[in-house]
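Trainee: 3D, please:
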Amino acid sequence: MTDIASLEQKIAAEIAGAADEAALEAVRVSALGKSGSVTALLKTLGGMSPDERKVQGPAINGLRDRVNTALNARREGFKGAFDTRLDRAVLGLERRGQQNHGEYGKNDASKHQTILAARADLRRLAGLDQVDAGRPQPVQF
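Mentor: Coordinates of the predicted model:
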């Protein structure tokens, strides 16, 4: 097994084992940061002969791309889990509002707007304020 393949397996295991976004960021820095393991391999390209660079360059750059892809996929998984928890919390608030005040009336619609605004604030604070193109957006009243 080559150094690149073993390094890729090690980084993939660290990405899979990251419990939260902070741990994932630590993996990113250790792999792709200024003194990261993948960055160190990229720095060795300058000292290689042109023939070696033709072979090793695409392999190392491919490793960097695959690590970035894996990091982004894992990050999206964290965002999806956060969205699910947030949606459940908002749904719980809506159900309590319906139980306490009956069906949505004129005042209940403004309460619903308040809940949606609070949800948007939480998403912004969590760094999830970008619109996800493939995910259906909540219906606004």
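
Trainee: going by C-alpha atoms from here, please, whenever you check contacts or count neighbours.
Mentor: Will do.

Trainee: what's the distance between Lys43 and Phe78?
Mentor: Look at Lys43 and Phe78: by CA to CA, to the nearest Å, they are 31 Å apart.

Trainee: which one of those two has more residues nearby?
Mentor: Higher neighbour count among Lys43 and Phe78: Phe78, with 16 against 11, using other CA atoms under 10 Å.

Trainee: doesn't Asp20 make contact with the more buried one?
Mentor: Yes - contact criterion CA atoms under 8 Å: Phe78 and Asp20 qualify, at 7.1 Å.

Trainee: what's near enough to touch Ser30?
Mentor: Ser30 is in contact with Gly36, Ser37, counting by CA atoms under 8 Å, 6 or more residues apart in numbering.

Trainee: and the helix or strand where it lies, which residues are buried?
Mentor: Using DSSP states H and E, Ser30 sits in helix 21-32. Under the neighbour-count criterion of 16 or more other CA atoms under 10 Å, helix 21-32 has Leu24, Glu25, Val27, Arg28, Val29, Ser30, Ala31, Leu32 buried.

Trainee: likewise stretch 7-18?
Mentor: In stretch 7-18, the ones that count as buried by 16+ other CA under 10 Å are Leu7, Glu8, Ile11, Ala12, Glu14, Ile15, Ala18.

Trainee: model confidence score at the second one, please.
Mentor: pLDDT recorded at Glu8 is 93.

Trainee: go on, the third one?
Mentor: Taken from the predicted model, the pLDDT recorded for Ile11 is 94.

Trainee: ok, the last one next?
Mentor: Turning to Ala18, the model gives it a pLDDT of 88.

Trainee: offset the numbering so it begins at 29, please.
Mentor: Noted, 29 is the first residue going forward, which turns the last one into Ala46.

Trainee: give the contact list for the closest residue to it other than its chain neighbours.
Mentor: Closest residue to Ala46 apart from its sequence neighbours, by CA to CA, 6 or more residues apart in numbering: Leu52 at 5.3 Å. By CA under 8 Å, 6+ apart, the residues touching Leu52 are Ile43, Ala46, Leu99, Arg103.
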